[in-house]
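Trainee: next comes the sequence, and after it the predicted model I'd like to discuss.
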Amino acid sequence: MDHPDSAPWRGPGAAVPVRAAVAASTPGALAALARALGPGPFAQVFLFASPEADLAALAARAPAVFAPARVCGCSTSGEITGRGYDSGQIVAFALPSGGFAVEQMLIERLDGLDPRALIADLLRARQALGRRAPDWPQECAVLLVDGLSGQEDALVAALSGGLGTVPVVGGSAGDAARFERAPVFARGALRENAAVLTLIRSAWDMRPFCFAHQRPTARRMVVTRADPSRRLVARINDEPAAQEYARHLGLAPDRLTPFLFAAHPVLVRAGGRHHVRSIQQVEPDGGLTFFAAIDEGLVLTLAEPVDMVAHLREELAGLSETGAPATILAFDCFFRRLEAEGRQLGRQISELLVAHRVCGLSTYGEQVGAMHVNQTITGLAFYPPEAR
């Protein structure tokens with residue numbers, strides 16, 4: 001049976017973003033994706049690939065298969081296709097050159113980032129894009145980051161100095177919860193400790209969004225010992241971190257599981273809003289490793305979820321208040337998916353994603369503006385020019 005994305009939705013009008021997906025095990029997977037996307041030509045092709053794929057071969061061959069398009073992508077912890085939540089797939093999302101122009105920046109050695117040099121490179125790239133597409137007023141950026149680099153917070157903070165008011169969304173690569181390698185790829189090769197920033201200009205309206213379904217409770221804790229460079233919390237309320245977190249849940253530390261971390265994240269308050277800090281795992285010494293920045297003195301608030309299905313239905317409907325988007329590119333936290341499936345809500349979430357033409361991947365964290373966040377669904381909704 002054909003994959004639901006083998007005939008991508010195209011909608012009315014020209015230069016519509018298109019998507020396709022094939023199983024990672026498909027012989028000639030890239031050629032199959034190229035056929036499914038159609039003739040293009042494309043300015044940009046994003047590839048989101050299950051770690052079941054031969055990622056090195058995929059990265060090496062993709063530029064020739066999709067030329068003259070720019071190509072970049074990353075490994076995933078699950079995919080979003082025409083079936084909703086999916087796994088073992090390679091997803092392609094393409095921007096036609098008739099309606100979009102791009103510049104692509106490869107950012108390497110994230111652990112030795114030079115913010116001044118990065119901002120200078122970014123400003124040059126923005127200027128070059130502006131000269132090539134002066135009549136297309138809409139501008140945004142998509143950021144893909146090595147999901148195990150631990151550098152997302154510093155990177156998005158540095159980029160904000162050169163992006164100004166340009167919206168940026170994106171995700172941290174995953175590796176299906178193995179926590180071994182979560183690379184990005186660009187310029188024909190896999191890249192670790194690296195990121196890829198794609199600057200986009202278009203006549204299309206590209207609206208960023210970020211939906212989070214948690215709300216704060218009255219239960220608070222204070223980080224009293226931490227190693228920010230490793231995103232490691234050793235002690236909370238001056239007690240071993242895992243033990244104290246488990247106590248607030250009414251559990252023994254040995255009962256902590258990835259599903260419990262997903263169902264009971266903690267929040268930190270920044271910029272007048274609460275943001276999730278997802279826990280990755282318990283360390284042998286009883287510490288907790290997080291997916292985002294953490295530091296001593298932070299107040300952690302235990303979160304509780306609202307109805308995931310009702311919340312997502314309402315938020316996606318809100319994106320269609322003035323007309324439905326042609327398609328939506330989404331970066332959905334792996335822990336959101338884990339929570340949905342653990343609560344037996346995966347099918348209902350998938351039905352909503354399909355109904356609203358959402359495609360993308362499950363991530364180890366999401367980028368929105370100058371923030372690296374967890375346990376959200378973040379992305380871009382694409383509206384044709386006539387919709388404005």
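Mentor: The structure has been received and is ready for your questions.

Trainee: was I right about residue 147 contacting residue 362?
Mentor: No - in this structure, residue 147 is not within contact of residue 362 by Cβ atoms under 8 Å, at 10.5 Å. In this view, the C-beta of every residue, glycine as well, is placed from N, C-alpha and C.

Trainee: residues shared between the contacts of these two?
Mentor: Counting by Cβ atoms under 8 Å, 6 or more residues apart in numbering, the contacts common to residue 147 and residue 362 are residue 174.

Trainee: for the helix or strand of the chain with the lowest mean pLDDT, which strands pair with it and how are they oriented?
Mentor: Across the helices and strands of the chain, mean pLDDT, DSSP states H and E gives its lowest value to strand 273-277, namely a mean of 86. When pairing is defined by DSSP bridges, strand 273-277 lines up against strand 266-270 (antiparallel).

Trainee: what about the partner strand, distance to the chain center?
Mentor: Offset of strand 266-270 from its chain centre (Cα atoms, centre = their mean, to the nearest Å): 19 Å.

Trainee: alpha carbons only: can I get that strand in CSV?
Mentor: The C-alpha trace of strand 266-270 is given here as CSV (Å, rounded to 0.1, in the frame of the first residue of the first chain):
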residue,chain,number,x,y,z
VAL,A,266,9.2,20.8,36.0
LEU,A,267,8.8,24.4,34.9
VAL,A,268,11.1,27.5,35.3
ARG,A,269,9.8,31.0,35.0
ALA,A,270,11.5,33.3,32.5
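
Trainee: I'd like the next helix or strand past the least confident helix or strand of the chain.
Mentor: Per DSSP states H and E, the first helix or strand lying C-terminal to strand 273-277 is strand 279-282.

Trainee: any chance you could list what contacts that following strand?
Mentor: Residues outside strand 279-282 that contact it (Cβ under 8 Å, 6+ apart): 179, 231, 242, 245, 253, 256, 258, 261, 265-266, 288-291.

Trainee: what subset of these is buried?
Mentor: 231, 242, 245, 253, 256, 258, 261, 265-266, 288-291 (16 or more other Cβ atoms under 10 Å).

Trainee: so which of those residues comes closest to residue 70?
Mentor: Using Cβ to Cβ, residue 291 is the member of the buried ones among the contacts of strand 279-282 that sits closest to residue 70, with 28.4 Å.

Trainee: quick one, what contacts the closest one?
Mentor: Counting by Cβ under 8 Å, 6+ apart, residue 291 touches 172, 231, 277, 278, 279, 280, 335, 364, 365, 374.

Trainee: so what pLDDT did the spatially closest residue to the fifth one that is not a sequence neighbour get?
Mentor: Read it as residue 279. In this structure, residue 279 finds its nearest non-sequential neighbour in residue 261, 4.3 Å apart by Cβ to Cβ, 6 or more residues apart in numbering. We note a pLDDT of 90 for residue 261 in this prediction.

Trainee: surely residue 261 touches residue 278?
Mentor: Yes - with contact defined as Cβ under 8 Å, residue 261 counts as touching residue 278 (6.5 Å).

Trainee: where does the protein dip in pLDDT?
Mentor: Scanning the chain for pLDDT under 70 picks out 1-14, 387-388.
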